[in-house]
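Peer 1: Model the following, please.
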Amino acid sequence: MDLFEEKGNKKIFEEAPLALRMRPKDLSEFVGQEHILSKGKLLYRAIEADRINSAIFWGPPGTGKSALAHVVAQKTESHFEYLNATTCGVGEIRKVVAQARNRRAMYEKKTTLFIDEIHRFNKAQQDTLLPHVEEGVIILIGATIHNPYFSVIKALLSRSLVFEFKPLKKKDVEKIVRRALKEGLEGYQVRMGKEALKHLATYCDGDARKALNALELGVMTTKPGKEEIIDFNLDVAQESIQKKALRYDRGEDEHYDTISALIKSMRGSDPDATLYWLAKMIAAGEDPRFIARRIVICASEDVGNADPQALVLAQAAFGAAEAIGLPEARIPLAQAAVYVATAPKSNACYLGIEKALKDVEERRTLQVPKYLKDTHYPGAEKLGYGKGYKYAHEYEKGYVKQKYLPTKVRYYEPKNIGYETKIKARLEEWERIVSGEGILKKEDIKEKE
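Peer 2: Residues are numbered from 1 along each chain as shown. Below is the predicted model of the structure:
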């Protein structure tokens, strides 16, 4: 049965997978993607007004791309065509376009063409679509799980709006599952516990299709008990989605305890414990960006300048986790976490900024000396701003003794650990080479010679 055919054959529709039967009929039934489908948003208004132009729906599986295309098919007064890029070629595209051209000429009726998995079209196939989209013969809606800026030709992208679909939130999946129990499985008496519902919503990874397939499998394979009631409990949920329940819940003690253990393991230089706690959070469905943020903080707070590369790698892992998501994000996260765990440790920068903040908050605020004030505006010179300032680059080794604070204070105390050993030696060298008011200027040295 074609995804967008009417329900003419009732028996075929009733035997279709639950995920297909639960597709929304209109926007009021669509769940999730509020960032693009809230009332007032561009895409919502365009669908409601039947004024949708060529668009690319991009996002992970089971997030509603095809479901929304079905809503468009129900809503639009244009003729709706469906193609799957895995099974069709240029010949079928040309046939659809020819029919669309005739339809427009004879009946003044638009044609909306939905192409699922459009990323599977090669450049030649995508080029075939281009002139017809440009002429307005067809309104193209493409769906892809891959970043369209890498998988769809630029010419098509420039003529389309790109909408990113994000993994569904747990509350959205729970809403879809509850609705399926009432409307899609209404012929069964199912008792689903809160833990089972929560488990499906957590381990489907934001994929509604995966959750509904697991729900259907569990219901169909569980023998009814007393009064013909099917008990869809946690054990059934675990078997159906093939994921063991972990004692871990975002927003509760186990969540904070586990991230605390990860941070302390990295700080304590134990890579094995670091990987275990990291694995527990990943297996429990933790947001990889949350994990990455903690690694970045630890790289700066606990490693600091003992190995500045730790922060660079942690930040790179954060970017990678955000770009690729799980499960692949586990690899750069593990790399960064192990690097931080095995790096030399210094919290000197952290202690320094804490001391400085305490001084700023508890003591009188210090005024900027005149010779350090900004001079890049008319009148600054008349006020005496910048007068007496020593430009460090005019001095040997790029250093000159000069007061940058009105009072003597020491916030940063580098340790004899890792790269910070070099920083400490450099600071000590600057102290030794200073004589009098400062080092001789380069030109003065030449004259002396």
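Peer 1: can you pull the buried residues of stretch 304-324?
Peer 2: By 16 or more other CB atoms under 10 Å, the buried positions in stretch 304-324 come out as 304-308, 310-311, 313-315, 317-318, 320-321. Every C-beta, even on glycine, is put in place using the N, C-alpha and C of the backbone.
Peer 1: One more: stretch 195-212?
Peer 2: Applying 16+ other CB under 10 Å to stretch 195-212 flags 196-212 as buried.
Peer 1: Mind checking which of those residues are in helices?
Peer 2: 196-203, 208-212 (DSSP state H).
Peer 1: per-residue confidence for the residue most central in space within the chain?
Peer 2: By CA atoms, centre = their mean, the mean C-alpha position of the chain lies nearest to E322, the distance being 3.8 Å. Listed pLDDT for E322 reads 84.
Peer 1: Show me what the host helix or strand of it is packed against.
Peer 2: Using DSSP states H and E, E322 sits within helix 309-324. When contacts are defined as 3 or more CB pairs under 8 Å, 6 or more residues apart in numbering; DSSP states H and E, helix 309-324 sits against helix 288-298, helix 330-342.
Peer 1: Using PDB, list the CA coordinates for the first one.
Peer 2: Once side chains and other backbone atoms are set aside, the C-alpha atoms of helix 288-298 remain, and they are given as PDB (Å, rounded to 0.1, in the frame of the first residue of the first chain):
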ATOM      1  CA  PRO A 288      25.600  13.900  24.500                       C
ATOM      2  CA  ARG A 289      25.800  17.700  24.600                       C
ATOM      3  CA  PHE A 290      25.300  17.600  28.400                       C
ATOM      4  CA  ILE A 291      28.200  15.100  28.700                       C
ATOM      5  CA  ALA A 292      30.400  17.100  26.300                       C
ATOM      6  CA  ARG A 293      29.800  20.300  28.400                       C
ATOM      7  CA  ARG A 294      31.000  18.600  31.500                       C
ATOM      8  CA  ILE A 295      34.200  17.400  29.800                       C
ATOM      9  CA  VAL A 296      34.900  20.900  28.500                       C
ATOM     10  CA  ILE A 297      34.500  22.300  32.100                       C
ATOM     11  CA  CYS A 298      36.800  19.600  33.500                       C
END
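Peer 1: what's the spacing between that helix and its chain's center?
Peer 2: Distance of helix 288-298 from the chain centroid (CA atoms, centre = their mean, to the nearest Å) equals 13 Å.
Peer 1: Can you spell out the domain ranges of the protein, please?
Peer 2: 10-164, 170-241, 253-342, 366-443 (automatic domain parsing).
Peer 1: As TSV, the ones you listed with distance to G352 would be great.
Peer 2: Output for those, formatted as TSV (distance: least, CB to CB, whole Å):
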stretch	distance to G352
domain 10-164	40
domain 170-241	41
domain 253-342	9
domain 366-443	4
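Peer 1: Would you single out the least confident of the ones you listed?
Peer 2: Among the domains of the chain, domain 366-443 carries the lowest mean pLDDT, at a mean of 78.
Peer 1: So which other helices or strands are in contact with whichever strand or helix holds L43?
Peer 2: Applying DSSP H and E as the criterion places L43 in helix 42-48. Here helix 42-48 touches helix 34-37, helix 65-75, strand 161-164, going by 3+ CB pairs under 8 Å, 6+ apart.
Peer 1: Which stretches in the stretch 1-150 of the chain count as helices?
Peer 2: Assignment of helices within the stretch 1-150 of the chain using DSSP state H, counting those that start in this stretch yields the ranges 10-14, 18-21, 34-37, 42-48, 65-75, 90-107, 123-135, 148-151.
Peer 1: hmm, back to that, out of the ones in helices among the buried residues of stretch 195-212, flag the one nearest to Q125.
Peer 2: Distance to Q125, by CB to CB, is smallest for R209 among those, at 26.0 Å.
Peer 1: Hmm, the closest one is touching P61, no?
Peer 2: Yes - counting by CB atoms under 8 Å, R209 does reach P61; the two are 6.5 Å apart.
Peer 1: quick one: contacts of the helix holding E322?
Peer 2: Residues outside helix 309-324 that contact it (CB atoms under 8 Å, 6 or more residues apart in numbering) are 288-289, 291-293, 295-296, 298-300, 303, 329, 332-333, 335-336, 339-340, 343.
Peer 1: Quick check: bridge partners of L113?
Peer 2: Following DSSP bridges, L113 is listed with bridge partners E81, L140.
Peer 1: Give me the number of neighbouring residues for it.
Peer 2: Per other CB atoms under 10 Å, the neighbour tally for L113 reads 24.
Peer 1: So it sits against I141, correct?
Peer 2: Yes - look at L113 against I141 with CB under 8 Å: they come within range, at 7.1 Å.
Peer 1: if we can go back for a sec, angle of the helix holding E322 against helix 330-342?
Peer 2: For helix 309-324 against helix 330-342, the angle by axes from the mean of the first three to the mean of the last three CA atoms, to 10 degrees is 160 degrees.
Peer 1: just how off-centre is helix 309-324 within its chain?
Peer 2: 12 Å.
Peer 1: picking that back up, quick one, which of the helices and strands packed on helix 309-324 gets closest to K123.
Peer 2: Closest approach to K123 among those is made by helix 330-342 (30.2 Å; CB to CB).
Peer 1: Tell me the helices and strands packed up against the closest one.
Peer 2: Helices and strands touching helix 330-342, by 3+ CB pairs under 8 Å, 6+ apart, are helix 253-267, helix 271-283, helix 288-298, helix 309-324.
Peer 1: and the ones you listed, which is most packed in?
Peer 2: helix 288-298 (a mean of 21; mean count of other CB atoms under 10 Å).
Peer 1: Contacts for that helix, please.
Peer 2: Outside helix 288-298, the residues within contact range by CB under 8 Å, 6+ apart are 259, 262-263, 266-267, 278, 281-282, 311, 314-315, 317-318, 321-322, 325-326, 329-330, 333, 336-337, 340.
Peer 1: so F57 sits right up against A67, yeah?
Peer 2: No - here F57 does not reach A67: they are 10.0 Å apart, not a contact under CB under 8 Å.
Peer 1: So which of those two has more stuff around it?
Peer 2: F57 (29 against 24).
Peer 1: about what we covered before: identify whichever of the helices and strands packed on helix 309-324 lies nearest to R410.
Peer 2: Nearest to R410, of all those, is helix 288-298, at 24.7 Å by CB to CB.
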